[in-house]
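1. quick one, structure for this:
(one chain, ligands or ions: 1)
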Amino acid sequence: MRIIQTPDYNGMSIEVARIIAAQLSLKPDCVLGLATGSTPTLAYQYLSEWGNQWLDFSKATSVNLDEYRGLPKDHEQSYHYFMQKHLFQNVPIRPNRTFLPDGMEPDIERACQDYDDVIRYVGGIDLQLLGLGHNGHIGFNEPDTCFAKGTHCVDLSEQTIQANKRFFQSEDDVPRQAYTMGIKNILSARRILIAVSGKDKAHIVKEAFFGPVTPQVPASILQFHQDATLVADKDALSECEGLLP
Ligand code: F6R
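-> Below you'll find the model as predicted:
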């Protein structure tokens, strides 16, 4: 795993945006795997600016990691809405080439099968962007007993519900389930880019990327990917001193 340390969140965001921009410039019709959450928002802001200047999004395709089950696309906390707001409405990406799981599909099997089919149909993911949950989750792949699966429906862990309740009016409004790409989909991406910022993630960064590979820390499997890059700020790497190359 390549590790890029940046001084702060802004530096991390520029670095992440640069790597995505380089991917797009080298292969304008590439497939970008995208993430939501607070980590990538500034990187998306840079990409939005560049997308109006010199960066060509018009041939790109995107597939997002996950979506809450039961939230309509226009719900302010849905990941559809997030992606529109932070990136898609700001750049000339074709709307019919941006994909997320359908949170409103009640048939779980169908929703998951359809999304696996989408990923196959677009030709697989060239570059997958990931954030890191405090419990080591990637997408909504929570600590588990095996690294399994393509797209599936998960029950959100108590820790994730607690972490996400800040975005909702009350804890009761936080959806309890989500559709997510599985570890199998994520590991199949040709390149992986993990973005992490902040002292509150320092412990899990050490565990995930310098500890044993275990499904109890889902992100730890990324240590085995042949082309993974971690971009993390100084705070996020503060417990890894002495371990960094
Ligand atoms: C979002 C996602 C999640 C987040 C993770 C970190 O699509 O899949 O795994 O990347 O929960 O979230 P933030 O960036 O808010 O700390």
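
2. residues contacting the residue of the chain found nearest the ligand?
-> Residue of the chain nearest the ligand, by CB to the nearest ligand atom: residue 131 (2.4 Å). Heads up, the C-betas are built off the backbone N, CA and C, glycines and all. Contact analysis of residue 131 by CB atoms under 8 Å, 6 or more residues apart in numbering lists 35, 36, 37, 39, 40, 138, 194, 195, 196.

3. and the gap between it and residue 193?
-> 10 Å (CB to CB, to the nearest Å).

4. packing partners of the longest helix along the chain?
-> The longest helix of the chain (DSSP state H) is helix 9-26. With contacts taken as 3 or more CB pairs under 8 Å, 6 or more residues apart in numbering; DSSP states H and E, helix 9-26 sits against strand 2-6, strand 31-34, helix 41-51, strand 127-130, strand 191-196, strand 228-233.

5. which elements pack onto the lowest-mean-pLDDT helix or strand in the chain?
-> Within the chain, confidence by mean pLDDT, DSSP states H and E is lowest for helix 158-164 among all helices and strands, at a mean of 84. Based on contacts counted as 3+ CB pairs under 8 Å, 6+ apart, there is no element that helix 158-164 packs against.

6. is whichever helix or strand comes after it up against the ligand anywhere?
-> Using DSSP states H and E, the helix or strand that follows helix 158-164 in sequence is strand 177-180. No. Counting by CB under 6 Å from any ligand atom, the ligand is not contacted by strand 177-180; separation bottoms out at 7.0 Å.

7. paired strands for strand 177-180, with orientation please.
-> Its sheet considered, strand 177-180 pairs with strand 66-68 (antiparallel), strand 152-155 (antiparallel) by DSSP bridges.

8. mind checking what helix or strand follows it in sequence?
-> helix 183-187.

9. and that following helix, what's its mean pLDDT?
-> Average pLDDT, helix 183-187: 97.

10. same question for that helix: list its buried residues.
-> 183, 185, 186, 187 (16 or more other CB atoms under 10 Å).

11. report the contact partners of the nearest residue to the first one once chain neighbours are set aside.
-> Once its chain neighbours are removed from consideration, residue 183 has its nearest residue in residue 147; the separation is 4.6 Å (CB to CB, 6 or more residues apart in numbering). Neighbouring residues of residue 147 by CB under 8 Å, 6+ apart: 183, 184, 215, 218, 221.

12. backbone phi and psi for residue 147, please?
-> Main-chain dihedrals, residue 147, degrees, to the nearest 10: phi -90, psi 90.

13. pLDDT value on it, please?
-> At residue 147, the pLDDT value in this model is 86.

14. could you do residue 77 as well?
-> Residue 77 is assigned 93 on the pLDDT scale.

15. residues contacting it?
-> 68, 71, 167, 168.

16. likewise for residue 184?
-> Shown in contact with residue 184 (CB under 8 Å, 6+ apart): 147, 148, 149, 150.

17. filter those to the buried ones?
-> Buried by 16+ other CB under 10 Å: 147, 149, 150, out of those.

18. distance to the ligand added to those residues, as TSV?
-> Formatted as TSV, these follow (distance: CB to the nearest ligand atom, whole Å):
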residue	distance to the ligand
147	15
149	15
150	16
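
19. around the ligand, pick out the residues from this structure.
-> Counting by CB under 6 Å from any ligand atom, the positions of the chain adjacent to the ligand are 35-39, 65-66, 131-133, 137-139.
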